[in-house]
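Asker: Could you work out the structure for the sequence below:
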Amino acid sequence: NILHGYTESIVRGMRSSFLAESDYHHLTQCEVLEDVKMNLTETDYGDTVADAPILTPTGLQTAAVSKLVIEFKYLRTQAVEPLATFLDFITYEYMIENVMLLLKGALSGRDINDLMAQCHPLGMFKESVMRSIPTFEANAKGYQDLYQTVLVDTPVGPYFSIFLQDSAGRLGGDGVRNILAEVEIEIIKSSLIKYWIEDFHKFVTALGGETADLMGDILAVRADTNAINITLNSFGTTLNEPAMRGSDRKALYPAVGYLYPVGTSMLADVSDEESLGRVLELFPQYAGIWSVHVNGDGVKSIDDAFYERDVHMLELAFEGQMHFACFYAYVKLKEQEIRNLVWITECILQQQKDEVNKFVPVFSNQAPWRIKKR
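Answerer: Numbers count the residues shown, from 1 in each chain. Down below sits the predicted model:
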């Protein structure tokens, strides 16, 4: 606590910056976006929206994310090891997403400036590296240069290295070009996220204590969510072909989580939603979420159920003391709050007021899990 007490006190103080239930009530009653801007001036987003002449959902999202990045970077400047490395691990996920966005855009010939504008600020690396991606030639040497100048030089380079080695062994190709050409970008991204989850889980486990317990639980659930979504999204694609289920699709499942190893082995044999449901019904923590997907009447999707479960776990990370999970929770809960703001403003803009309350509030006294405790 001597090393990290000050930084932890800062992030716990930041908890007061979340929108209150009264704020959400006022926002959902707005008729136009100008009313939204006026109501936000009384919240922690006051300075964020003050300079915006016209408030738009995209503009609000960009400004809110920029605010979160400034706060995160301040926390990072105050951190010492091992908290500093823990905070770096949080950014690796966004780096993976940014690199994959740039790779996908480069392969389709999109403008680099447009792509960089879409990159997440928490996952940015040197601009010279980012701009080098679309400059490689469409030949073996060009793809090798891409690997050496971009994939190796990023902090997430080791994950790319593992992927390229594993893919070369499975595909039997002759280098980076074959791998990038034969494997869809989303499959590459899923593989990299898998390696990141496993690496992050290994790191927090080594830290021990309450950090290992709380973050181990959060990352285990994150791994399970990825496995379920990969399986669900594979239906109707080549990944659901019998020959691909036990090899390529199974290889995307993280080797951590409550489904691993028995559940993930069962998921490898799943061929449709019915068989997926039979597997998830064997795991109580996911049976309820799956029932939302199966019995949903359009009010709540499986993604909404996952978000509610995540918010519950992340809020609990603020209940204990002297651990690192609250830093991860702060970033992810702020992301949920930003999603809520974008949803509300989009509904108002499109005059879909009947849909405006379909969001997952953060630190709400009306949250289902809090009501159950009363």
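Asker: May I see the buried residues of stretch 113-125?
Answerer: Neighbour-count burial for stretch 113-125 flags 115-116, 119, 121-125 (criterion: 16 or more other Cβ atoms under 10 Å). For glycine as for every other residue, the C-beta is placed from the backbone atoms N, C-alpha and C.
Asker: what does stretch 13-29 give?
Answerer: Within stretch 13-29, the residues scored as buried using 16+ other Cβ under 10 Å are 14, 18-19, 23-24, 26-28.
Asker: do the same with stretch 301-310
Answerer: With burial defined by 16+ other Cβ under 10 Å, the residues of stretch 301-310 counted as buried are 302, 304-310.
Asker: now do stretch 314-327
Answerer: 314-315, 317-318, 323-327.
Asker: Surely Asn98 and Met124 touch.
Answerer: Yes. Judged on Cβ atoms under 8 Å, Asn98 makes contact with Met124 at a distance of 6.8 Å.
Asker: How about the secondary structure of Asn357?
Answerer: At Asn357 the chain is in coil, as set by DSSP: H, G, I helix; E, B strand; the rest coil.
Asker: can you pull out the helices in the stretch 1-150 of the chain?
Answerer: For the stretch 1-150 of the chain, applying DSSP state H, counting those that start in this stretch gives helices covering 5-13, 21-28, 33-40, 46-50, 57-78, 83-108, 112-118, 127-132, 140-146.
Asker: Of those, give the one that comes closest to Val279.
Answerer: For the helices of the stretch 1-150 of the chain, proximity to Val279 was assessed by Cβ to Cβ; helix 83-108 is nearest, at 26.5 Å.
Asker: Distance from that closest one to the middle of the chain?
Answerer: Offset of helix 83-108 from its chain centre (Cα atoms, centre = their mean, to the nearest Å): 11 Å.
Asker: elements contacting that helix?
Answerer: The criterion is 3 or more Cβ pairs under 8 Å, 6 or more residues apart in numbering; DSSP states H and E, and the helices and strands that helix 83-108 contacts are helix 57-78, helix 112-118, helix 157-171, helix 185-207, helix 325-349.
Asker: mean pLDDT lowest for which of those?
Answerer: In terms of mean pLDDT, the lowest-scoring of these is helix 157-171 (a mean of 75).
Asker: List the buried residues of that helix.
Answerer: Within helix 157-171, the residues scored as buried using 16+ other Cβ under 10 Å are 159-160, 162-164, 167.
Asker: One more: stretch 45-63?
Answerer: Applying 16+ other Cβ under 10 Å to stretch 45-63 flags 45, 48-49, 55, 57, 60-63 as buried.
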